[in-house]
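# Fold the following and give me the result.
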Amino acid sequence: MNEEEDMRLAGMTPEISRRTLVMLRGLAGLEPPEQVPEEAMVVADAVLAEFGTDGLRVLVMTLAAWATAQIENVAELSGRSHEAVLDAMELACMEANAEDTP
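Residues are numbered from 1 along each chain as shown. Sure thing, here's the model as predicted:
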């Protein structure tokens with residue numbers, strides 16, 4: 001990224017970070033869990049409408065940073081490697097996809 005792009009993205013980061021926290025508060029514990037992607041899409045659509053693709057980029061960067069930090073926390077607390085935590089996440093996705101396949 002260049003300096004102009006950095007400044008543009010930095011200007012929207014506080015608001016998108018705030019919206020991301022509001023979204024995560026609403027998604028944590030949401031039942032049924034299948035509703036999580038739908039609710040997340042509502043937030044993504046709102047960010048896209050208001051901030052354009054740069055807003056979506058900031059949303060993704062924010063979520064990636066926070067997800068990475070939490071993966072590191074889970075790894076440390078569980079005594080597993082980062083790779084083992086990610087392998088467990090991947091296995092859960094594969095199992096969920098297998099259940100969806102007729």
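# now the residue nearest in space to the middle of the chain, what's its secondary structure?
Nearest to the mean C-alpha position of the chain, counting by Cα atoms, centre = their mean, stands Leu63 at 3.7 Å. The three-state label given to Leu63 by DSSP: H, G, I helix; E, B strand; the rest coil is helix.
# Below-threshold pLDDT in the protein: ranges please.
Within the chain, the ranges that satisfy pLDDT under 70 run 101-102.
# Show me the strands in it, by range?
In the chain, no strands are defined using DSSP state E.
# still on that earlier bit, now for the residue nearest to the residue nearest to the centre of the chain when sequence neighbours are not counted, how many residues are close by?
Of all residues beyond its chain neighbours, the one nearest Leu63 is Thr20 (6.5 Å), with distances taken as Cβ to Cβ, 6 or more residues apart in numbering. From N, CA and C alone the C-beta is placed, and that goes for glycine too. By other Cβ atoms under 10 Å, the residues close to Thr20 number 19.
# Met23 too?
Counted with other Cβ under 10 Å, the neighbours of Met23 add up to 20.
# And for Leu48?
Leu48, neighbours per other Cβ under 10 Å, totals 14.
# what's the closest non-adjacent residue to it?
Leu56 (5.5 Å).
# Tell me if I'm right that the one you found and Ala44 touch.
Yes: using Cβ atoms under 8 Å, Leu56 is in contact with Ala44, at 6.5 Å.
# What's the separation between Glu39 and Glu83?
Per Cβ to Cβ, to the nearest Å, Glu39 is found 30 Å from Glu83.
# Counting neighbours, go ahead and name the busier of those two.
Using other Cβ under 10 Å as the criterion, Glu39 and Glu83 rank with Glu39 on top: 13 against 10.
# Right, I'll leave it there.
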